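[1] Have a look at this prediction, sequence included:
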Amino acid sequence: MTDEVLIVAALVFVVACLGLVLYLQHRINQLSLNMDELTERLKDCHEQQVSFKRELQELRSGTIGVGRRVLAFENKLQKQDAKIDETHLQDPQAKLYSRAMKMVGLGADVEELIQECELPKAEAELLLRLHGKA
């Protein structure tokens, strides 16, 4: 009877081992599928990363181009401002009107504008209306 018990125990052990082998094989298959899925996801992420890098490089290039254009426009604007300032300095009429507007700001009346700035009465009145204190 001990031989029979040993055979049954061995048989139970073999069946248990076979069950364990089948279970482990099933787990290996699941892990393999998971690994394939993760590999595919990693590949997609890498492709997205490459795409994002390319887009970022394009944005950087565009930003540099825009920055250069802005600097060029700023230079042109500075030159135009300098020309305008130079024109104002050379135009005696502009100086008179500038002085007249300052006088209006200080409270001068029509007669003072006519005498000090040699403006016609209509222009003096117009300056007072436009720039006078309300």
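    Looks like it arrived, so ask away.
[2] drop to CA atoms for contacts and neighbour counts, all remaining ones
    Fine.
[3] and the next element down the chain from the helix or strand hosting residue 30?
    Using DSSP states H and E, residue 30 maps to helix 2-90. Note on helix 2-90: by DSSP H and E, the next helix or strand toward the C-terminus is helix 92-105.
[4] Packing partners of that following helix?
    If you count contacts as 3 or more Cα pairs under 8 Å, 6 or more residues apart in numbering; DSSP states H and E, helix 92-105 packs onto helix 2-90, helix 110-117, helix 121-131.
[5] how does this protein divide into domains?
    Annotated domains of the chain cover 1-80, 91-134 [automatic domain parsing].
[6] could you dump those to TSV with mean pLDDT and mean neighbour count?
    TSV is the format used below for the domains of the chain (pLDDT from 0 to 100; neighbours: other Cα atoms under 10 Å):
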stretch	mean pLDDT	mean neighbour count
domain 1-80	93	12
domain 91-134	81	15
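[7] hang on, the earlier thing: how about TSV for the helices and strands packed on helix 92-105, with distance to residue 101 added?
    Output for the helices and strands packed on helix 92-105, formatted as TSV (distance: least, Cα to Cα, whole Å):
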stretch	distance to residue 101
helix 2-90	15
helix 110-117	9
helix 121-131	7
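[8] what's the closest of these to residue 97?
    helix 110-117 (7.7 Å; Cα to Cα).
[9] Go ahead and measure how far that closest one is from the middle of the chain.
    Computed by Cα atoms, centre = their mean, to the nearest Å, the chain-centroid distance of helix 110-117 equals 54 Å.
[10] got the CA positions of that helix in CSV?
    The C-alpha coordinates for helix 110-117 follow below in CSV (Å, rounded to 0.1, in the frame of the first residue of the first chain):
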residue,chain,number,x,y,z
VAL,A,110,-6.4,135.2,-28.3
GLU,A,111,-4.6,138.6,-28.2
GLU,A,112,-1.5,137.1,-26.6
LEU,A,113,-1.3,134.4,-29.3
ILE,A,114,-1.7,137.0,-32.0
GLN,A,115,1.0,139.2,-30.6
GLU,A,116,3.6,136.6,-29.5
CYS,A,117,3.2,134.1,-32.2
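[11] helices and strands around it, which ones?
    Contact here means 3+ Cα pairs under 8 Å, 6+ apart; on that basis helix 110-117 packs against helix 92-105, helix 121-131.
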